[in-house]
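**Student:** only geometry, no sequence info:
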């Protein structure tokens, strides 16, 4: 599917578990991530993402859930540990504004399960997705999270910037915005598309070919942002 296809169709397909190859702006990372709603985490889907993508497997949640869980961004964690480890703050990228810093948070596994295998990863993501399904009304969300998961682990947690694409237009915010449009639980799995020949990011044209061959959606961030503005969401 081309990025010019109707957004309503793209949203409907994302809602039913289709993969999206999401390209951010050329002025940003100019990279493509393969993304999937957390509701559809299965061992076979995780394997597809590993084999077609190849990058770090990440799981994104919105800022509102991150606040309830009292989870920091990694740069905040490094900064707060500076009293004990005086060099850590020096490694934080301060060349960009706070809203444009990395959305990486902690790494995590599910307790007693681990997340080394595709089965373990998918079960961990499903557990997180189920937990986040009723996040706004679950008064025990934080306690359940900390009793269910542990850190460090093999999955990278991402926390969306408050306001999503109004504040930051990275893969994290764009993909979480898609879950809102699709009325899905706000958990997204994502993995960068890498090139096994050049050992760099896979170029956009090759990503489009992969999307077409596998009947996935290829979506430009510009298309999604334009839809956001047109809908006045």
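**Tutor:** Cool, the structure landed. Quick caveat: nothing in here was measured; it's all calculated off a predicted structure.

**Student:** now stretch 144-159, how far from the chain's geometric center?
**Tutor:** 14 Å (Cα atoms, centre = their mean, to the nearest Å).

**Student:** now residue 17: how far from residue 35?
**Tutor:** In this view, residue 17 and residue 35 are 12 Å apart by Cβ to Cβ, to the nearest Å. From N, CA and C alone the C-beta is placed, and that goes for glycine too.

**Student:** who has more neighbours, those two?
**Tutor:** Neighbour count, other Cβ atoms under 10 Å: between residue 17 and residue 35, residue 35 has more, with 27 against 14.

**Student:** now that one: which helix or strand?
**Tutor:** Assessed by DSSP states H and E, residue 35 sits inside strand 32-37.

**Student:** partner strands of that strand, with direction?
**Tutor:** strand 20-23 (antiparallel), strand 188-192 (antiparallel) (DSSP bridges).

**Student:** got the contact list for residue 214?
**Tutor:** Applying Cβ atoms under 8 Å, 6 or more residues apart in numbering to residue 214 gives the contacts 19, 52.

**Student:** got phi/psi on it?
**Tutor:** Main-chain torsions, residue 214, degrees, to the nearest 10: phi -100, psi 0.

**Student:** give me the pLDDT for it.
**Tutor:** At residue 214, the pLDDT value in this model is 98.

**Student:** picking that back up, other SSEs contacting the next helix or strand after the strand holding residue 35?
**Tutor:** Sequence-wise, the next helix or strand downstream of strand 32-37 (DSSP H and E) is helix 43-52. Counting contacts by 3 or more Cβ pairs under 8 Å, 6 or more residues apart in numbering; DSSP states H and E, helix 43-52 packs against strand 32-37, helix 118-132, strand 188-192.

**Student:** would TSV of the ones you listed with mean pLDDT and distance to residue 89 be doable?
**Tutor:** Shown next, in TSV, are these (pLDDT from 0 to 100; distance: least, Cβ to Cβ, whole Å):
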stretch	mean pLDDT	distance to residue 89
strand 32-37	98	29
helix 118-132	96	30
strand 188-192	98	27
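
**Student:** among the ones you listed, which is nearest residue 70?
**Tutor:** Among those, helix 118-132 comes nearest to residue 70, with 14.7 Å by Cβ to Cβ.

**Student:** what does stretch 113-132 contact?
**Tutor:** In contact with stretch 113-132 (Cβ under 8 Å, 6+ apart) are residues 38-39, 41-47, 50, 57, 59, 61, 65, 108-110, 138, 141, 144-145, 148-149, 153-155, 185-187, 189.

**Student:** spatially, and excluding backbone neighbours, which residue is closest to residue 142.
**Tutor:** Leaving aside its sequence neighbours, residue 142 sits nearest to residue 69 (Cβ to Cβ, 6 or more residues apart in numbering; 5.5 Å).

**Student:** apologies, that question was intended for residue 48.
**Tutor:** Of all residues not flanking residue 48 in the chain, residue 19 sits nearest, at 7.3 Å (Cβ to Cβ, 6+ apart).

**Student:** got the contact list for the one you found?
**Tutor:** When contacts are counted by Cβ under 8 Å, 6+ apart, residue 19 is found next to 34-36, 45, 48-49, 214, 216-217.

**Student:** what does residue 17 give?
**Tutor:** 36-37, 39-40.

**Student:** swap the cut-off to 10 Å and go again
**Tutor:** 36-37, 39-42, 45, 184 (Cβ atoms under 10 Å, 6 or more residues apart in numbering).

**Student:** ok, now how distant is it from residue 228?
**Tutor:** Distance from residue 17 to residue 228, by Cβ to Cβ: 23 Å.

**Student:** and if you look at residue 90?
**Tutor:** To residue 228, residue 90 is 37 Å away according to Cβ to Cβ.

**Student:** I appreciate the help and will end here.
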